[in-house]
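Peer 1: quick one: sequence plus predicted model below, questions after.
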Amino acid sequence: MARPRKTISIDEKIAKAKENFEKVKTRYDAAAKELEDLQAKQRAIHRNELIQAVEKSGKSYAEIMAFLESTF
């Protein structure tokens with residue numbers, strides 16, 4: 001004999017969907033924050049490398065700006 005199917009009301013389905021959404025949204029927000037933090041760290045590293053390269057080059061500010069403006 002087959003078992004009768006348990007009927008789940010639409011309200012229960014909505015409640016479960018909301019719960020699942022909140023869990024996924026929390027994970028998404030955490031992942032987005034981590035990505036933002038990592039990208040900020042990467043930009044800081046790039047800035048430091050650029051500053052070191054400029055200092056190491058021995059070129060003046062005017063020379064560097066002229067070079068950058070002439071290449072674009």
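Peer 2: Alright, I've got the coordinates. Please read all numbers here as calculations on a predicted model, not as lab measurements.
Peer 1: which other helices and strands does the helix or strand hosting residue 53 contact?
Peer 2: If you go by DSSP states H and E, residue 53 is part of helix 10-57. For helix 10-57, there is no helix or strand it packs on, judged by 3 or more C-beta pairs under 8 Å, 6 or more residues apart in numbering; DSSP states H and E. No exception for glycine: its C-beta is placed from N, CA and C like everyone else's.
Peer 1: so how far is the helix or strand just after it from its chain's centroid?
Peer 2: On the C-terminal side of helix 10-57, the nearest following helix or strand under DSSP H and E is helix 61-70. Here helix 61-70 is found 32 Å from its chain centre; the criterion is C-alpha atoms, centre = their mean, to the nearest Å.
Peer 1: tilt between helix 61-70 and helix 10-57?
Peer 2: Between the axes of helix 61-70 and helix 10-57, defined by axes from the mean of the first three to the mean of the last three C-alpha atoms, to 10 degrees, the angle is 130 degrees.
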